[in-house]
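Engineer: Fold the stuff below for me.
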Amino acid sequence: MPARNLVSNGSPSTKVKYSRLASDDDGYIDLQFKKSPPKVPYKAIALATVLFLIGSVLIIVGSLLLAGYFGVTPSDRTIPVLIIGILVFLPGFYHLRIAYYASKGFPGYSYDDIPDFDD
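Structural biologist: Sure thing, here's the model as predicted:
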C-alpha cells in the first residue's frame, strides 16, 4: 500500500499507512468470539466439599440418634441435628454436582455457575 502523509495544521507529520477494508468485512473478527479457558474456582469447590462432608456426618449422626442407636434419653436433640445436617448438606451437594458436570464437559454446566470467593 502506498504511504500517505498525514497533514494536520498544514505541516506534514509521520508517514501513516492506510489500507482499505474488505468489502465483505462486517466489523467482527473471529478472535472476539473465542471462549477463554474456564477458570476453576478451587476455593468454592473446597468449601462445597467441606459442607457436603459435614452435612453427611450430621445426617448420619442425627439418623442414628433418631433410631435410638446411641441410647440418648432426651430425644429432643435428634431433630435439630438432622435439620442442620440437611441445611449444610444441600448447598455442598448442589455445588459439587455443578463442579463435577462442568469438569466432565456436560452441556449447560460451567464453572461460572459456582460463586467465586477470590477477591
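
Engineer: Just give the number of residues close to F70.
Structural biologist: The local packing count at F70 equals 10, with neighbours defined by other Cβ atoms under 10 Å. Where C-beta positions appear, they are placed from N, C-alpha and C, glycine not excepted.

Engineer: Quickly note the distance from the closest residue in space to it that isn't next to it in sequence to V57.
Structural biologist: With Cβ to Cβ, 6 or more residues apart in numbering as the measure, L64 is the residue that lies nearest to F70, at 6.1 Å, once sequence neighbours are left out. Using Cβ to Cβ, to the nearest Å, one obtains 11 Å as the distance from L64 to V57.

Engineer: Let's see the pLDDT reported for D118.
Structural biologist: As predicted, D118 sits at a pLDDT of 65.

Engineer: what do you get for G55?
Structural biologist: Reported pLDDT at G55 in the predicted model: 97.

Engineer: What count of nearby residues applies to it?
Structural biologist: Neighbours around G55, by other Cβ under 10 Å: 20.

Engineer: mind listing what's buried in whichever strand or helix holds it?
Structural biologist: According to DSSP states H and E, G55 maps onto helix 42-67. Neighbour counts over helix 42-67 (16 or more other Cβ atoms under 10 Å) mark 44-45, 47-48, 51-52, 55, 58-59, 61-62, 65-66 as buried.

Engineer: Tell me where the protein has helices.
Structural biologist: According to DSSP state H, the chain carries its helices in the segments 42-67, 78-104.

Engineer: so can I have JSON lines of these showing distance to F33?
Structural biologist: Formatted as JSON lines, the helices of the chain follow (distance: least, Cβ to Cβ, whole Å):
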{"stretch": "helix 42-67", "distance to F33": "27"}
{"stretch": "helix 78-104", "distance to F33": "21"}
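
Engineer: Which of those helices sits closest to Y18?
Structural biologist: Between Y18 and the helices of the chain, the tightest spacing by Cβ to Cβ is seen for helix 78-104, at 46.3 Å.

Engineer: Could you name the helices and strands sitting against the closest one?
Structural biologist: Contacting helix 78-104 under the criterion 3 or more Cβ pairs under 8 Å, 6 or more residues apart in numbering; DSSP states H and E are the following elements: helix 42-67.

Engineer: Quick one: work out the angle between the helix it packs on and helix 78-104.
Structural biologist: Angle between the axes of helix 42-67 and helix 78-104 is 150 degrees (criterion: axes from the mean of the first three to the mean of the last three Cα atoms, to 10 degrees).
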